[in-house]
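Undergrad: Got a predicted model here, sequence first, then my questions.
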Amino acid sequence: MDLIEYPDREILAMGLADMLAGALRKCLTVHERASFCVPGGSSPGEVFASLSGAALDWDRVDVLLNDERWVPETSDRSNTALLRRTLLTDRAAAANLVPMTTDAAAPEDGIPDLLPRYDALFPISLLLLGMGEDGHTASLFPGGDKLSAAMADDAPALMAMRAPGAGEARVTLTLPVLRDAMETHLLIMGDAKREVLDRARNADPMDMPIAALLPEATVHWAP
Ligand SMILES: O=C(O)[C@H](O)[C@@H](O)[C@H](O)[C@H](O)COP(=O)(O)O
């Protein structure tokens, strides 16, 4: 694990956005398309604001979410809607956003229709993760009803997940596809998450799932 500490959140946002734009440009020099996998949640807002103006071939970038709440895009809980407002604006509006929900009532019913659209996106070219204070990442929640299956080497790329504290049912990328990403960054801010990170470094991934992805991650932190 590499850790980059920034003096404040504004400098983190600019520095990380530059790094992500550089990684996407580099990927696009050797590949026809790049897959860029991003978290929902509140932390990446400033990073996305800065990144959305970056000059790169966004029309060759597929953007996918680490996880989504099984809600329509009209819900204020929708990560997809959040992403449209924060990342897919300005130059980045030209990117292709890959849907992570369907009209089906439950994720189990919608995932079979989604899976074929995901095959071409793996391995993920560039992965940005967030982390909750319980050590979850994507929707790999401690205590999640399908956590062991989603952490197994033979897990399908997408799985449904329900967990105490997660609110509605979720759909999440599973550990094997997250772990196989070509480049992984973790964004965390504030003292509480820094303390969670320190605990996660020696934790069992079933207790703190982020632990399974820390070895390959560059962690970006600001107070
Ligand atoms: O949909 C989600 O909830 C996210 O994808 C999730 O994994 C998120 O990254 C963390 O919960 C951190 O969220 P915050 O940035 O809001 O603290």
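TA: Right, received. Where do you want to start?

Undergrad: Show the contacting residues for Cys37.
TA: 63-66, 121, 124, 126-128, 173, 178, 181 (Cβ atoms under 8 Å, 6 or more residues apart in numbering). Every residue, glycine included, has its C-beta placed from N, CA and C.

Undergrad: make that Asn202, sorry
TA: Contact analysis of Asn202 by Cβ under 8 Å, 6+ apart lists Ala211.

Undergrad: per-residue confidence averaged over stretch 42-52?
TA: Mean pLDDT, stretch 42-52: 96.

Undergrad: Likewise for stretch 18-37?
TA: Averaging pLDDT along stretch 18-37 yields 98.

Undergrad: CA atoms of that stretch as PDB?
TA: Provided in PDB are the C-alpha atoms of stretch 18-37 (Å, rounded to 0.1, in the frame of the first residue of the first chain):
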ATOM      1  CA  ASP A  18      -4.400  15.100 -12.300                       C
ATOM      2  CA  MET A  19      -3.200  11.600 -11.400                       C
ATOM      3  CA  LEU A  20      -6.400   9.900 -12.700                       C
ATOM      4  CA  ALA A  21      -6.500  12.000 -15.900                       C
ATOM      5  CA  GLY A  22      -2.800  11.000 -16.500                       C
ATOM      6  CA  ALA A  23      -3.600   7.300 -15.900                       C
ATOM      7  CA  LEU A  24      -6.600   7.500 -18.400                       C
ATOM      8  CA  ARG A  25      -4.500   9.300 -21.000                       C
ATOM      9  CA  LYS A  26      -1.700   6.700 -20.700                       C
ATOM     10  CA  CYS A  27      -4.200   3.800 -21.000                       C
ATOM     11  CA  LEU A  28      -5.700   5.300 -24.100                       C
ATOM     12  CA  THR A  29      -2.300   5.500 -25.800                       C
ATOM     13  CA  VAL A  30      -2.200   1.700 -25.800                       C
ATOM     14  CA  HIS A  31      -5.800   0.700 -25.700                       C
ATOM     15  CA  GLU A  32      -8.800   1.600 -27.900                       C
ATOM     16  CA  ARG A  33     -11.000   2.100 -24.700                       C
ATOM     17  CA  ALA A  34     -10.500   2.600 -21.000                       C
ATOM     18  CA  SER A  35     -12.800   1.500 -18.200                       C
ATOM     19  CA  PHE A  36     -12.900   3.800 -15.200                       C
ATOM     20  CA  CYS A  37     -14.700   2.500 -12.200                       C
END
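
Undergrad: With the ligand in mind, check whether it reaches it.
TA: No - judged by Cβ under 6 Å from any ligand atom, stretch 18-37 and the ligand are separated, with a smallest distance of 10.4 Å.

Undergrad: How far does that stretch sit from its chain's centre?
TA: Distance of stretch 18-37 from the chain centroid (Cα atoms, centre = their mean, to the nearest Å) equals 16 Å.

Undergrad: May I see the buried residues of that stretch?
TA: Buried positions in stretch 18-37, judged by neighbour count with 16 or more other Cβ atoms under 10 Å: 19-21, 23-24, 27-28, 34-37.
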